[in-house]
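Engineer: Predicted model and sequence below, questions to follow.
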Amino acid sequence: MSVISEKISVKKPVIPEQTNVPLDARTVCDSVADFPNIELPYLGMIIFTKSDGKYWKITELKEKQIGFISVADAQIAKYEEFGGSGGDGDFVTQDEFDTAIGDINSILDEINGEEV
């Protein structure tokens, strides 16, 4: 495991001077089409896209040509929706959740010998 030894240390909280700006400008962009332009991405990075209101997790990086130099791990290669229920990225609605909890409680009642 490598440890990042260079860092910026602050003794007080960091507070933006205007509203609705992230502390790390790379974490918000217009759409996934902007991902190739994000500078110095990292694995596990979470990015919010304004166009669809979704969060994305960076899962793989690739080499990027910068001028005459080829730089390893300098561009996003793969990403996945972050915070969805998996598969096609759909979320569970409150009604679906309530129904599932009711079903689980009924099964537990039957297991415990209680009337449903």
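Structural biologist: Yep, it's here.
Engineer: okay, CA-based contacts and neighbour counts for the rest of this
Structural biologist: OK.
Engineer: And the strands in the chain?
Structural biologist: Using DSSP state E, the strands of the chain run over residues 28-29, 46-49, 54-66, 69-82.
Engineer: Out of these, the one nearest residue 101 is which?
Structural biologist: Of all those, strand 69-82 sits nearest to residue 101, with 23.8 Å by CA to CA.
Engineer: in that closest one, what counts as buried?
Structural biologist: Neighbour counts over strand 69-82 (16 or more other CA atoms under 10 Å) mark 73-76, 79, 81-82 as buried.
Engineer: Okay, now the sheet partners of it, with direction.
Structural biologist: strand 54-66 (antiparallel) (DSSP bridges).
Engineer: now what about the strand it pairs with, what contacts it?
Structural biologist: By CA atoms under 8 Å, 6 or more residues apart in numbering, the residues outside strand 54-66 that reach it are 41-49, 70-83.
Engineer: Ok, stretch 41-49 next?
Structural biologist: Counting by CA under 8 Å, 6+ apart, 26-32, 54-61, 73-76, 82 sit against stretch 41-49.
Engineer: Just the buried residues of it, please?
Structural biologist: Buried residues in stretch 41-49, counted by 16+ other CA under 10 Å: 41-42, 46-49.
Engineer: Using PDB, write down the CA coordinates of it.
Structural biologist: Output in PDB follows, covering the C-alpha atoms of stretch 41-49 (Å, rounded to 0.1, in the frame of the first residue of the first chain):
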ATOM      1  CA  PRO A  41      -8.600  11.300 -11.300                       C
ATOM      2  CA  TYR A  42      -8.200   8.600  -8.600                       C
ATOM      3  CA  LEU A  43      -9.800   5.200  -8.000                       C
ATOM      4  CA  GLY A  44     -12.800   5.400  -5.800                       C
ATOM      5  CA  MET A  45     -13.400   9.100  -6.700                       C
ATOM      6  CA  ILE A  46     -17.100  10.100  -6.600                       C
ATOM      7  CA  ILE A  47     -18.300  12.500  -9.200                       C
ATOM      8  CA  PHE A  48     -21.700  14.200  -9.500                       C
ATOM      9  CA  THR A  49     -23.100  14.900 -13.000                       C
END
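Engineer: All set, thanks.
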